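Trainee: have a look; sequence and predicted model below, questions after that.
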Amino acid sequence: MAANQPDLRDLMARYLLQRGEAQAAGLVVADTQGEVTPYEAAPVQAVEPRLAWEEAIAALQSFVSAPAKLQAPPDWPQLVASQEPAVALAFAAGNFPQLVRHVQPLLHAAKLPELRPMSAGRPLPVPALLTWVAEVGAKQQYPQFILGLGALRLARQFDQAEALLRKHRADVPAEWQAALANEEAALAWHQGQAEAALKLWQAQSDSVPVLFNRGMASLFLGKTTAARAALNQAVAKLPESSAWHHLGRLYLALAQMRN
């Protein structure tokens, strides 16, 4: 072993410690037969569940100073592994920018509106997640409940997410209402209700996620001037260390190319 190389035993100890911490946080894929199955035919680079989780809570932290470390909901690693590539992605609880992993279709699309979500899609089986979201909603635990709604959206369990949102909307504290409103619009957007989602975001008070989403939705609805204005504001407020900042810059560049 070279003099400057770390001891192999130390490296193994650090690795095991990191794995243990990730396991405790629910960020390791379980060795199961797999309740969630990827639908992509071509292999793509896997997204690390911990990295995805750090970005998945960013929208909530833009609304309220949520804890930096939050327990991931059940099925999270499997849910991350199951995701198909996204194009028009809302900045909302549960979403992570690494879902936009095929840039070429964006750069060469003749009509960007054709790339936005058009339908609800096939739901994924996530029974443990459904039970967990219902429990944290009944216990009025925040921000876990809103994160759970976002995870249900990722699983395309839209009906369940909307039912739980309506059931517990009045119980959500005032400080979390803006985040909940953003989530409601994101639910509409990812079900293919583009105009309705943009209308909801336009009615909400300015915040980084709302500005981002107004710009993103406007871009994929062919409203490039409005997209540029909103995305310029959102990108300026997002730290360069955030993957959401770089996704916003990509959307902004697309709006500028088409203006």
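Mentor: Structure received. Residues are numbered from 1 along each chain as shown.

Trainee: in stretch 120-137, what counts as buried?
Mentor: 124, 126, 129-130, 132-134, 136-137 (16 or more other C-beta atoms under 10 Å). From N, CA and C alone the C-beta is placed, and that goes for glycine too.

Trainee: helices - which of the residues you listed land there?
Mentor: Applying DSSP state H to those, the entries found in helices are 129-130, 132-134, 136-137.

Trainee: select, from these, the two members most distant in space.
Mentor: L129 and G137 (12.4 Å; C-beta to C-beta).

Trainee: centroid-nearest residue for this protein?
Mentor: By C-alpha atoms, centre = their mean, the chain has its centre lying nearest to N95, at 0.5 Å.

Trainee: ok, for it, nearest residue in space, not its chain neighbours?
Mentor: L89 (5.7 Å; C-beta to C-beta, 6 or more residues apart in numbering).

Trainee: contacting residues for the one you found?
Mentor: 95, 97, 99-100, 216, 247 (C-beta atoms under 8 Å, 6 or more residues apart in numbering).

Trainee: how about 7 Å then?
Mentor: Counting by C-beta atoms under 7 Å, 6 or more residues apart in numbering, L89 touches 95, 97, 99-100, 247.

Trainee: top of the residues you listed by neighbour count?
Mentor: Sorting the contacts of L89 by how many neighbours each has (other C-beta atoms under 10 Å) puts N95 first, at 27 neighbours.

Trainee: do I have it right that the residue nearest to the centre of the chain meets W53?
Mentor: No: look at N95 against W53 with C-beta atoms under 7 Å: they stay out of range, at 11.4 Å.

Trainee: was I right about W53 contacting A72?
Mentor: Yes: using C-beta under 7 Å, W53 is in contact with A72, at 5.2 Å.

Trainee: in stretch 81-93, what counts as buried?
Mentor: 81-83, 86-93.

Trainee: possible to save the residues you listed as JSON lines with pLDDT and secondary structure?
Mentor: Output for those, formatted as JSON lines (pLDDT from 0 to 100; DSSP: H, G, I helix; E, B strand; the rest coil):
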{"residue": "A81", "pLDDT": "94", "secondary structure": "helix"}
{"residue": "S82", "pLDDT": "93", "secondary structure": "helix"}
{"residue": "Q83", "pLDDT": "93", "secondary structure": "coil"}
{"residue": "A86", "pLDDT": "93", "secondary structure": "coil"}
{"residue": "V87", "pLDDT": "95", "secondary structure": "coil"}
{"residue": "A88", "pLDDT": "97", "secondary structure": "coil"}
{"residue": "L89", "pLDDT": "97", "secondary structure": "coil"}
{"residue": "A90", "pLDDT": "98", "secondary structure": "coil"}
{"residue": "F91", "pLDDT": "98", "secondary structure": "coil"}
{"residue": "A92", "pLDDT": "98", "secondary structure": "coil"}
{"residue": "A93", "pLDDT": "96", "secondary structure": "coil"}
